[in-house]
Structures are given as structure tokens and as C-alpha cells.
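Asks: Here is my input, please return the structure:
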Amino acid sequence: MPYRARRREMKISLSPLSLILSVAVGLWLGFVAIALSAWLLWSYLPQVQQPLREALVPPVIAPLPPAYGTQQQAPEQNHMFEQYKEILRKQEVQQAEQQLQDNPRNLSNPKCQFWLQQNRTAPTEKSRANVLELCN
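Replies: Next up, the predicted model:
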């Protein structure tokens, strides 16, 4: 007869209280380990700290001093600024008119073609208004 060892039975008895306590201690130790690792990483890598601080903290923008306001500028500066705004407005109008002329839909519209030609030869406010109204 072959020798066969008797199986030993192992009795495990877990009480719910010890199970709950061991899980709680494991979670707490895991949290402490993660927090300690993050703190060590933060303190030993200073080159990482600066970009993160710049990304997290918005820059402080100081308001402009009142000397830059339009009311306190010299009259010749106001005049030059008004000229600049007028030039910009004229350029915008020219670009808008050029886009309207280049639009293929406007080539088949006779009213639009008429007012575009009027605006090219004798530009007036009425011709500009009609071009903007009819050539969209």
C-alpha cells in the first residue's frame, strides 16, 4: 500500500473586524506612500516647479496708467490717431469691395454689377450702400 499523507485541514477564521481594520490600514499606508512620493518628487526636482507654478498661477496684469488714456493726449497725437483709424477704415472698405467683386455669385447679378461699376467710377455713400446691399 502506498504511503499517503493525510491531508491536513487548515482552519481559517477571519473576523469581520480584523478584515475591515486590515483594509483600512492598507488604504491609509497607500495614501501615505503616494503623498510622500509626491512631496519628495516636488522637493527634489526644482526645475519642474517653476513651469508648474507659472501654469497654475495666472500672471498679474497691472492696469494701464491714466497717462495712456485718449483724453490726456496732446491734440496732435489725437489727430494722428484719427488719421490712422480713418486709413484702417478705408482699407477695410477696399478689401470688402474687392471681395465682393471677386465673388462668382456677384458676376451673374446685373444689379450688383451696375452698382459695382458705379462705385468704381464715382464712389459715393449711396453707391457703397447699394453695393453692400445687393452684392452679398
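Asks: Next SSE downstream of the lowest-mean-pLDDT helix or strand in the chain?
Replies: None of the helices or strands of the chain scores lower by mean pLDDT, DSSP states H and E than helix 46-56, at a mean of 66. For helix 46-56, the succeeding helix or strand toward the C-terminus, using DSSP states H and E, is helix 75-102.
Asks: Can you mark which positions in the helix or strand following that following helix are buried?
Replies: Remark: after helix 75-102, the chain's next helix or strand is helix 104-107, criterion DSSP H and E. Judged by neighbour count (16 or more other CB atoms under 10 Å), helix 104-107 contains these buried residues: N106. C-betas here are computed from N, CA, C, even on glycine.
Asks: Helix or strand next in line after helix 104-107, which one?
Replies: helix 110-121.
Asks: Other residues contacting the helix or strand harbouring L132?
Replies: Secondary structure from DSSP H and E places L132 in helix 125-134. Contact with helix 125-134 is made by V93, A96, E97, L100, N109, K111, C112, W115, L116, Q118, N119, as judged by CB atoms under 8 Å, 6 or more residues apart in numbering.
Asks: cutoff 10 Å now
Replies: The set of residues external to helix 125-134 that reach it, using CB atoms under 10 Å, 6 or more residues apart in numbering, is 93, 96-97, 100-101, 106, 109-121, 123-124.
Asks: domains of this structure?
Replies: Following automatic domain parsing, one gets these domains for the chain: 16-56, 76-134.
Asks: circling back: now the helix holding L132, how far from the centre of its chain.
Replies: Averaging C-alpha positions (CA atoms, centre = their mean, to the nearest Å) puts helix 125-134 37 Å from its chain's average.
Asks: Return the set of buried residues in that helix.
Replies: Buried residues in helix 125-134, counted by 16+ other CB under 10 Å: S127, R128, N130, V131, L134.
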